[in-house]
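Trainee: Okay, sequence plus prediction incoming.
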Amino acid sequence: MTQQHKVREIFSGCLNIPLADIQDELAYNSRPEWDSVAHMALVARLDQAFNIMMETDDVINLSSVAKAYEILRKYGIDV
Amino acid sequence: MERVFITQSASVDRKALVQQYRKQEIVGKCMVMRPMQPEDAEPVVRIRNQVHARYYMTQKEEATVESHLAWYHEIYLPKEDDINWVILNRQREIVGGNALYDIDLTKGSHGEKGRQVIWQPAALQAPYALESDYLICRLALDVFMLEKVIACFKQDAARTESMNKRMGFVPDGERMLRGERYKDFSCRADQLRSEELESIINHWGKRI
């Protein structure tokens, strides 16, 4: 499994959206399923899966799947 | 996560418990819920007057400190079936509010959670919305032993609906309020997704 696939699986589980619908362009404002609880779950699952602790600015900037890749790279994750 | 509240026995005076919690803070992992006080008026009004909050609360006019205090003293204080809290962050700054109201302890007991509003700049800094809603559900179901908690929101409040479903709420009818259609959702103790929600809250408790 690639790291990007792992990220997409996390998005799918936290947003309750089928994995096939998790595209890099999927953004915070584009789906009602991405509510504040989903966002909190997303941060928790990404932290746990990649053994990191995202900084607050990154939590706020986590606004799309593509942005998640970019943020994870900051923490040395090869995604 | 240890249980925040002690589940009550059937013989407890639930009316007295409601009154007790109108004065007692609830300490969560990421925030504190403190019963609303008159001195909270300025930040509460500022938070309630956010555009999105006014829309979803169907609040046509901007609230003022004077109108808030009039509501507090004339309507809220005399009531015995309402608890309004301010949400404090770890620095004990007010970052939002939440409520459990129309608490009905008779047969088919229930209470309604709502009036939740979070200061937008703080909304993604910690799970204030999630943890306050979750603690309210636990208080209602475990301590007040209500049969269910109701959430009522505008039919176009898609994110609120999504959030409530995620917590375990299920559709429970519709109603018209102030000329607008609202959806009712409800949650019983066995429907609340405690394990999943506590896992998220616990992680955030370590983060902040």
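Mentor: Sure thing, it's come through. What you see is a predicted model; the values in this text were computed from it and never measured.
Trainee: From chain A, how far out is residue B:80?
Mentor: Noted for residue B:80: a distance of 31 Å to chain A, by CB to the nearest CB, to the nearest Å. (C-beta placed from N, C-alpha, C; glycine too.)
Trainee: State the pLDDT value of residue 5.
Mentor: The chain I'm using is chain A. In this prediction, residue A:5 carries a pLDDT score of 96.
Trainee: not what I meant, chain B
Mentor: At residue B:5 the predicted local distance difference test score is 67.
Trainee: got it, and residue A:35?
Mentor: Residue A:35 carries a pLDDT value of 89.
Trainee: now swap in residue B:10 and tell me
Mentor: In this model, residue B:10 is scored at 64, pLDDT.
Trainee: Likewise for residue B:208?
Mentor: The predicted structure lists residue B:208 with a pLDDT of 85.
Trainee: Assign a three-state SS to residue B:96, would you?
Mentor: Using DSSP: H, G, I helix; E, B strand; the rest coil, the secondary structure recorded for residue B:96 is strand.
Trainee: can you give me the helices for the chain?
Mentor: Since no chain was named, I'll use chain A. If you assign secondary structure with DSSP state H, the helices in chain A sit at A:3-15, A:36-50, A:56-61, A:65-74.
Trainee: oops, chain B please
Mentor: Assignment of helices within chain B using DSSP H yields the ranges B:14-21, B:41-48, B:51-56, B:65-71, B:128-138, B:158-167, B:194-207.
Trainee: Could you check the angle the fifth one makes with helix B:158-167?
Mentor: So the one you mean is helix B:128-138. 50 degrees (axes from the mean of the first three to the mean of the last three CA atoms, to 10 degrees).
Trainee: Distance from the chain centre to helix B:128-138, please.
Mentor: Relative to the centre of its chain, helix B:128-138 is centred 7 Å away, using CA atoms, centre = their mean, to the nearest Å.
Trainee: now the third one
Mentor: The chain centroid and the centroid of helix B:51-56 are separated by 16 Å, computed with CA atoms, centre = their mean.
Trainee: re the thing from before, mind putting the helices of chain A in a markdown table, mean neighbour count and distance to chain B included?
Mentor: Conversion of those to a markdown table gives the following (neighbours: other CB atoms under 10 Å in any protein chain shown; distance: least, CB to the nearest CB, whole Å):
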| stretch | mean neighbour count | distance to chain B |
| --- | --- | --- |
| helix A:3-15 | 18 | 9 |
| helix A:36-50 | 21 | 4 |
| helix A:56-61 | 15 | 5 |
| helix A:65-74 | 17 | 13 |
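Trainee: Of the helices of chain B, which stretch is the most buried?
Mentor: The highest average neighbour count among those, using mean count of other CB atoms under 10 Å in any protein chain shown, belongs to helix B:128-138 at a mean of 25.
Trainee: Pick out the residue in chain B sitting closest to chain A.
Mentor: Here the residue of chain B nearest chain A is residue B:158; by CB to the nearest CB that distance is 3.4 Å.
Trainee: So for that residue, what's the pLDDT?
Mentor: 91.
Trainee: any idea how far it lies from residue A:30?
Mentor: 12 Å (CB to CB, to the nearest Å).
Trainee: and what of residue B:205?
Mentor: As judged by CB to CB, residue B:205 and residue A:30 stand 30 Å apart.
Trainee: try residue A:52
Mentor: Spatial separation of residue A:52 from residue A:30 under the definition CB to CB is 25 Å.
Trainee: neighbour-wise, which of these two wins?
Mentor: The residue with more neighbours, out of residue A:52 and residue A:30, is residue A:52; 16 against 12, by other CB atoms under 10 Å in any protein chain shown.
Trainee: Tell me the pLDDT of that one.
Mentor: For residue A:52, the predicted pLDDT is 97.
Trainee: Nearest residue to it in space, please, no chain neighbours.
Mentor: residue A:75 (4.5 Å; CB to CB, 6 or more residues apart in numbering or on different chains).
Trainee: my read: that neighbour touches residue A:49, true?
Mentor: No - taking CB atoms under 8 Å as the definition, residue A:75 is not a contact partner of residue A:49, at 11.6 Å.
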